[in-house]
Every structure is written in C-alpha cells, then in structure tokens.
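Trainee: mind looking at a prediction? Sequence and model below.
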Amino acid sequence: MWKQLLLSAEFPLLRRELIQSAGRRRTWVLRVVVLLVLIFVMLSWYSSVLERSVAWGRGPLGFLGAGSQLLAGLVMFDLWAMLLLLPALTCSAIAAERERQTLGLVLVSRMTPAGIVLEKFLARLLPMAWLLMLTGPLLGITYSMGGFSRGAILVALSVLLLAALQISSVSMFWSSLLGSSQSAFWMTYVSLISMAAGPPLLVSVFSLRDLFPKGAEYFSGMFTSYLASSNVFFVFGGSVWGVLSDGFPVLVSSGLMIVVSGLAVSRHREEAPITGRRVVRGVAWVLAWLLTRPEWLLRSMGLWGGRRVASKGGGSGVADSAAGQSVGVAATAVAGTAVSGDSRVVPAEGAIAWREISLSVLARWPGQILVVAVVVALIVWLSSEGMQIRQPGPVMIAYFLLVLVGAVSVLSTASRSVVAERERQTLEILLTTPISNRQFLMEKLASASRIRWFVVCVCVFVQLWRVLVDDRLQLWRPSGDSVQVFLVRSLAWTWLHLSFCLWVGVCCSLRLGSQMKAAATALCVILLFSLGPVFFVGFFRLLRGSEDGAMLLLTVYPVGMWICSELGEFPSRVVELQIACVLISLVFYGLLIYGLRYWALCTVAESLQRECEETVSEREFRKWL
C-alpha cells in the first residue's frame with residue numbers, strides 16, 4: 001500500500017509533461033512575447049494617466065493614488081491571456097493522444113485513468129504560474145502608486161486562480177469527450193460563452209426575476225460573480241474568502257468536469273465518447289420517436305383535441321389515420337437513416353470535395369436549417385418588448401453574430417483541411433489521385449467555400465430585414481446611404497471577411513504540423529489583424545489629427561471601416577471622402593486576400609512535397625520565394 005502511495009506521489013506523467021514543455025523553444029518564445037505585450041500595456045496606461053493628470057493641472061505626480069485602475073487592467077490582461085492560451089494548451093491533453101493513437105500505451109501503465117486525467121490537467125495548469133510571475137513585479141510597481149490595500153493583491157491572485165481552474169477544466173472536459181483537439185478547442189469557447197451568457201439569458205427569457213428575485217440574481221451570475229466581486233473589492237476592499245465564496249459554483253463545476261473526464265477515459269479509452277455520427281444518430285432517433293407519436297406531439301402543441309372528438313366524424317378519423325400512416329413512413333425513414341447511416345451519392349465535383357462536405361455540419365442542409373432557425377429566433381427575441389432594444393438594433397446584433405460564427409466556422413474548417421490528413425497519415429494516399437495540386441487544394445476547401453456561400457446568403461436576408469426596419473435607409477437617397485449601396489457594401493465586406501479567414505486558415509494548414517497549432521495560429525492572426533491596429537493607434541495617438549486624417553487611416557484597417565459603415569458613423573462628414581475611402585479599403589482588402597490566395601496556390605506543391613505541372617507565374621513566384 002505504501003509503495004502504491006509513493007508511486008502515485010511521484011507523478012511520472014506530470015514530470016514528463018513539464019520537462020517536455022520546458023524543452024520546447026516555442027514555450028520560451030511565447031513567454032517573451034507575453035512579457036513584451038504586458039510591458040506595452042503597462043507603458044501605454046502609464047503614459048495616458050500621466051498625460052491626463054498634467055492636463056487636469058495635478059502636476060507630474062498626479063497619478064499617485066490611481067494604482068487600483070492599473071491593478072484592474074493587469075488582472076484583465078491576465079484573464080485575456082489565459083482565455084487565449086489555456087484552451088490551446090489544454091485541449092490537446094487527451095484528444096492529441098487519441099489522434100496519435102498513443103492513449104492505449106499510457107493506459108497500459110500502472111496509472112489509473114483518473115490519475116492520467118489529473119496529471120494531464122496539472123501539467124497544463126501549473127505552467128500558467130509563469131504568467132503570475134511576470135505580473136508580480138508590475139503588481140509591486142502598481143502597489144507603490146497607492147490606491148488599494150495589500151489584500152487587493154491577494155484578491156487579484158484568487159480571481160486569476162479561479163479563472164485558470166474554470167478554463168482548464170472546461171478544456172480538459174471536452175478534450176476527454178471529443179476525438180480531435182480542434183473540436184475541443186472550439187467547444188471550449190462555446191462552453192465558456194454559454195456559462196457566461198446562458199444563465200442571464202434564461203433568467204430574462206423565463207422572467208425569473210419576478211418570481212425569485214434573489215435566486216434569479218444568484219443564478220444569473222453563477223459562473224461570473226467572482227469577476228464582478230473582484231472589481232468591487234478593488235474599490236471598496238474585501239477579502240479572499242468573499243471571492244472564493246462567490247466562486248464556489250466554479251470550484252464545484254470544475255471538480256465535476258474533471259471527474260467526468262476521468263470516467264470518460266476509463267470507460268471509452270481510445271474511442272471518443274462523442275462523435276458526429278453518434279450525435280446525428282441520436283437526433284435521428286429523437287425525431288423518429290416524435291414522428292411515431294403524433295398524438296403526443298400535437299397535444300403538447302395544443303393542436304390535439306383528444307381521441308373522442310376525432311372519432312365523432314368519419315372524415316377526421318380517416319384523415320388522422322392517413323396522417324398517422326404518413327408519419328409512420330417518415331419515422332421509418334428517419335429511423336432507417338439512424339441505423340444504417342447516410343447513403344450519399346458522390347457529386348460531380350469530385351470525391352475529395354464530397355468527403356469534405358460530408359464531414360462538416362454547416363456545409364449540409366440540417367446544420368444550415370438550424371442556423372437559420374437560430375438567427376430568426378434571435379431577432380424575434382431581441383425585438384420583443386421585454387428586451388427594450390430599438391430597431392434596427394436586434395437585426396444588427398444578429399448580423400454581427402452571424403458573421404462572427406461564419407468566420408469561426410470557415411477558419412476552423414480551412415485550418416484543418418490539409419493538416420488533418422497529415423496527422424492521420426492519409427495525405428500520401430490522397431496525393432496518389434490523378435489531380436493537380438491546385439485542384440486538390442480547391443476540393444479540400446469545398447466545405448469551407450460552401451459555408452462561406454451559405455453565410456453570405458443568410459446575410460442577404462438579414463440585411464433585407466434591416467432595410468425594412470431601418471428608417472435611415474431609403475431608395476436612391478442622394479445625401480446618404482441608399483438601399484442599393486448599403487446592400488452591395490455590406491455583402492462585399494461579409495464576403496471579404498470570410499475569404500480572409502478561409503485563406504489564412506489554408507496557409508496555416510499548409511505550413512504547420514498539427515490541427516491545434518494551425519487553429520491557434522490562424523486565430524491569433526485574425527485577432528492581430530482585427531484588434532492590433534486599435535492598440536497601435538491608441539498607443540501612438542494617431543487619431544488626434546483632423547477628421548479627414550482619421551478617415552484616411554481607416555482605409556488600411558478594413559475591420560474598422562466595416563464597423564463604421566455598418567453603423568453609419570464615419571469620422572469625416574464629407575460624403576465624397578467616405579465613398580472614396582470605403583472603395584479604397586475594399587480594394588486594399590481584396591488585394592490582400594488575393595495575395596494570400598496566390599501565395600497559397602503557388603506554394604502548395606512545396607508544402608505537399610508533390611511535383612506536378614505548374615504555370616509560368618507559379619514557377620516564377622516559387623523561384624522568387
């Protein structure tokens with residue numbers, strides 16, 4: 001017994017993971033990059049506070065007593081860093097072992113499945129201590145400025161610990177349930193968003209505040225109350241026990257997720273508990289159950305009056321019998337689909353394209369119908385009187401969320417297009433097909449291209465809905481936005497955003513060696529492209545000039561120009577300058593995307609290590625590289 005306890009106390013898997021992580025060069029590069037960004041945030045905040053104090057006549061020492069603002073900023077930076085780094089580090093804990101087919105080798109050791117999950121979890125959580133070590137000296141500088149007590153530092157560390165536990169446990173949960181690291185990566189963000197926005201949404205939909213005021217308030221902030229309490233503690237003071245008491249649901253949910261992860265690994269081992277085929281079969285069986293019980297379905301909808309009413313008339317009984325027979329036929333078809341799986345016909349565009357489309361949910365009509373239903377329900381719910389959102393606010397919110405979901409879907413599908421085959425060691429088999437490299441890459445992108453077309457088509461209907469409810473948009477309006485110009489401009493921006501995500505994902509998929517690296521790198525590139533110019537302009541105060549100068553700067557920042565054009569608020573009031581800058585920004589964005597596309601198509605032969613016939617321009621470009 002004592003030998004087993006000593007063996008379990010050695011943590012062999014944890015030691016191996018930490019040694020391997022410390023030996024990688026990218027670990028130290030990542031730490032240096034985070035340190036530089038942290039110093040950049042610190043200097044930008046200090047310069048803004050010093051400039052504000054001088055402008056208010058307080059002198060160069062007027063920033064004393066403002067340390068609480070910097071403390072809140074440092075904690076917020078650490079939270080964002082954890083949100084970006086921890087899912088990428090933790091999602092590959094179990095899923096990567098399944099992808100490499102090495103999980104069985106780990107399970108044959110004397111370690112229990114629960115011990116494997118726990119050590120994997122600690123191996124991903126402990127390295128985040130270096131983030132706190134980087135923040136430590138800056139916390140000392142912040143404390144020297146005054147404005148808060150030493151207890152606030154302990155509160156800040158407690159908040160960071162709870163956030164790290166929450167993010168890591170969710171990532172480990174999905175890594176144990178899903179079969180790929182990339183799927184676990186995206187499901188982690190979906191779960192975190194659901195944990196933050198789901199309880200308030202349920203409270204608002206079911207009007208729980210009127211029935212249970214205190215209970216509804218606690219339920220709405222169940223997983224985020226410790227963040228809100230930390231902001232209060234920075235100003236009014238507080239204790240660590242208060243933060244831990246507010247974070248008790250987070251501690252309980254994190255423990256339950258780790259336990260479920262251990263059970264999933266213990267029971268299913270090398271097989272993923274949740275797969276796309278199992279989900280489809282489950283949905284098909286639910287539909288079959290509903291279709292074989294039309295009386296229960298109609299009664300729950302309030303459309304069934306009972307068997308006695310139906311039996312009074314012969315015609316209605318015959319109709320009910322016919323309806324029951326048709327429903328039974330439909331249920332049999334659905335159940336047959338659930339048992340035997342989908343029997344698809346290979347399309348004319350190629351077997352590789354058909355295979356990619358069949359693997360994606362949003363590339364097929366069931367997922368597309370679900371997205372359309374969710375968008376319509378979201379607009380109707382946001383337009384209700386209880387939400388108190390004026391038009392066209394609900395339609396604009398639905399449009400921005402639709403573009404965001406479409407961009408993430410296209411980015412995820414494109415970033416796994418080639419690297420997934422390389423990980424599964426099936427790329428060489430696909431490359432034996434008698435097609436060119438260009439055709440191979442375009443067929444691999446068939447699923448992402450179909451998702452892009454679908455999102456653009458849905459955006460057309462959403463923007464037409466906005467035209468109906470927005471009084472600012474009129475037909476052939478000479479002094480402002482007309483309906484025609486607005487629709488063309490909005491759809492052009494949508495197409496360009498989705499195309500940029502597609503080709504960024506393709507470039508990362510061609511160059512990197514794992515799905516997790518490709519997805520994380522592509523996401524970092526998109527975030528840097530979308531938010532990087534904001535920090536750069538804010539740090540160097542580039543928008544302090546004239547309004548026309550700010551408008552010209554937006555021409556090289558397509559995301560900012562897109563937001564301004566959708567909101568109808570530009571820095572400059574000159575209509576001619578607005579039109580010119582929008583056109584220049586669209587052309588710049590289009591050339592950037594074309595350059596990415598051209599570079600990907602010209603270097604695909606080198607990335608695939610497959611020679612085939614090239615055009616003259618591709619050969620010259622490859623020689624230049």
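Mentor: That came in fine, so what should we check first? Residues are numbered from 1 along each chain as shown.

Trainee: okay, now the domains of this structure?
Mentor: For the chain, automatic domain parsing gives the domain ranges 66-274, 279-340, 351-624.

Trainee: please name the nearest non-neighbouring residue to Arg209.
Mentor: In space, and not counting its chain neighbours, Arg209 is closest to Ala216: 4.5 Å by Cβ to Cβ, 6 or more residues apart in numbering. In this view, the C-beta of every residue, glycine as well, is placed from N, C-alpha and C.

Trainee: residues in contact with whichever strand or helix holds Val380: which ones?
Mentor: Element membership of Val380, judged by DSSP states H and E, is helix 365-382. With contact meaning Cβ atoms under 8 Å, 6 or more residues apart in numbering, helix 365-382 is reached by 205, 360-362, 387, 389, 393-395, 397-398, 401-402, 405, 454, 458, 462, 465.

Trainee: pLDDT at the residue nearest to Gly393 when sequence neighbours are not counted, what is it?
Mentor: In space, and not counting its chain neighbours, Gly393 is closest to Leu382: 7.2 Å by Cβ to Cβ, 6+ apart. Leu382 is assigned 80 on the pLDDT scale.

Trainee: quick one: low-confidence ranges for the chain?
Mentor: Scanning the chain for pLDDT under 70 picks out 1-9, 54-65, 205, 229-238, 275-349, 385-387, 473-481, 538-546, 611-625.

Trainee: hey, where'd the strands end up in it?
Mentor: Counting by DSSP state E, the chain forms no strands at all.

Trainee: can you name every helix or strand that the longest helix belonging to it contacts?
Mentor: The residue-count maximum for a helix in the chain (DSSP state H) belongs to helix 25-55. When contacts are defined as 3 or more Cβ pairs under 8 Å, 6 or more residues apart in numbering; DSSP states H and E, helix 25-55 packs onto helix 67-90, helix 129-145, helix 515-540.

Trainee: circling back: which of the contacts of helix 365-382 count as buried?
Mentor: The neighbour count (16 or more other Cβ atoms under 10 Å) marks 360-362, 389, 394-395, 398, 402, 405, 454, 458, 462, 465 as buried among the contacts of helix 365-382.

Trainee: how close does the closest residue to Trp562 other than its chain neighbours sit to Tyr589?
Mentor: Closest residue to Trp562 apart from its sequence neighbours, by Cβ to Cβ, 6+ apart: Trp493 at 4.4 Å. Distance of Trp493 to Tyr589, given as Cβ to Cβ, to the nearest Å: 8 Å.

Trainee: just Leu431 next, same as before
Mentor: According to Cβ to Cβ, Leu431 stands 33 Å off from Tyr589.

Trainee: ok, the two, which is more surrounded?
Mentor: When Leu431 and Tyr589 are compared for neighbours, Tyr589 comes out ahead with 23 against 15, by other Cβ atoms under 10 Å.

Trainee: ok, and the closest non-adjacent residue to the more buried one?
Mentor: Nearest one to Tyr589, counting by Cβ to Cβ, 6+ apart, is Pro558 at 4.2 Å.

Trainee: one more: Ala414?
Mentor: Going by Cβ to Cβ, 6+ apart, Ala414 has Gly505 as its nearest residue, at 3.0 Å.

Trainee: residues contacting the one you found?
Mentor: Per Cβ under 8 Å, 6+ apart, neighbours of Gly505: Val410, Leu411, Ser412, Thr413, Ala414, Ser415, Ser417, Ala448, Ala518, Ala522.

Trainee: flag every buried residue along stretch 556-573.
Mentor: Neighbour counts using 16+ other Cβ under 10 Å place Tyr557, Pro558, Val559, Gly560, Met561, Trp562, Cys564, Ser565, Glu566, Phe570, Pro571, Ser572 of stretch 556-573 among the buried residues.

Trainee: hmm, back to that, and which of the contacts of Gly505 is nearest Trp186?
Mentor: Checking the contacts of Gly505 against Trp186 with Cβ to Cβ, the nearest one is Ser412 at 5.7 Å.

Trainee: hmm, Pro571 is touching Ala550, no?
Mentor: Yes: because the distance of 4.0 Å satisfies Cβ atoms under 8 Å, Pro571 is recorded as touching Ala550.

Trainee: quick one on the thing from earlier: burial count for the residue nearest to Gly393?
Mentor: Leu382 has 16 neighbours, counted by other Cβ under 10 Å.

Trainee: do Glu547 as well
Mentor: Glu547 has 14 neighbours, counted by other Cβ under 10 Å.

Trainee: surely it and Glu569 touch.
Mentor: No: Glu547 is not in contact with Glu569 according to Cβ under 8 Å; the separation is 11.7 Å.

Trainee: may I have stretch 184-201 exported as CSV, CA atoms only?
Mentor: In CSV, the C-alpha atoms belonging to stretch 184-201 read as follows (Å, rounded to 0.1, in the frame of the first residue of the first chain):
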residue,chain,number,x,y,z
ALA,A,184,-12.3,20.5,-28.2
PHE,A,185,-10.7,23.9,-28.8
TRP,A,186,-13.8,25.5,-30.3
MET,A,187,-16.2,23.7,-28.0
THR,A,188,-14.3,25.2,-25.1
TYR,A,189,-15.0,28.7,-26.2
VAL,A,190,-18.6,27.8,-26.9
SER,A,191,-19.0,26.4,-23.4
LEU,A,192,-17.3,29.4,-21.7
ILE,A,193,-19.6,31.8,-23.6
SER,A,194,-22.6,29.6,-22.6
MET,A,195,-21.6,29.7,-19.0
ALA,A,196,-21.3,33.5,-19.0
ALA,A,197,-24.3,34.4,-21.1
GLY,A,198,-26.6,31.3,-20.6
PRO,A,199,-27.9,31.9,-17.1
PRO,A,200,-28.7,35.6,-17.7
LEU,A,201,-30.4,34.6,-20.9
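
Trainee: who's in contact with it?
Mentor: Residues contacting stretch 184-201 (Cβ under 8 Å, 6+ apart): 83, 87-88, 90-92, 95, 166-167, 170-171, 173-175, 177-178, 219-224, 408, 412, 516, 519-520.

Trainee: distance from the chain centre to it, please.
Mentor: Relative to the centre of its chain, stretch 184-201 is centred 9 Å away, using Cα atoms, centre = their mean, to the nearest Å.

Trainee: do stretch 595-613 as well
Mentor: Worked out by Cα atoms, centre = their mean, stretch 595-613 lies 29 Å from the chain centre.

Trainee: now do the buried residues in it.
Mentor: Those would be Leu596, Arg597, Trp599, Ala600, Leu601, Cys602, Thr603, Val604, Ala605, Ser607, Leu608, for stretch 595-613 by 16+ other Cβ under 10 Å.

Trainee: buried ones only from the contacts of stretch 184-201, please, as a PyMOL command.
Mentor: Those of the contacts of stretch 184-201 that count as buried under 16+ other Cβ under 10 Å are selected in PyMOL with:
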select buried, resi 87+88+90+91+92+95+166+167+170+171+173+174+175+177+178+219+220+221+222+223+224+408+412+516+519+520
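
Trainee: now, the contacts of stretch 184-201 that are in helices?
Mentor: Mapping these onto helices (DSSP H) picks out 83, 87-88, 90, 95, 166-167, 170-171, 173-175, 177, 219-220, 408, 412, 516, 519-520.

Trainee: now do the helices in the stretch 351-500 of the chain.
Mentor: Taking DSSP state H, counting those that start in this stretch, the helices of the stretch 351-500 of the chain run over residues 351-359, 365-382, 393-415, 419-423, 427-431, 437-444, 446-469, 483-511.

Trainee: please identify which of these is closest to Val106.
Mentor: Across these, Val106 has its closest neighbour in helix 419-423 (18.1 Å, Cβ to Cβ).

Trainee: got a list of contacts for that closest one?
Mentor: Here helix 419-423 makes contact (Cβ under 8 Å, 6+ apart) with 99-100, 180, 182, 427, 430, 508-510, 512-515, 517-518.
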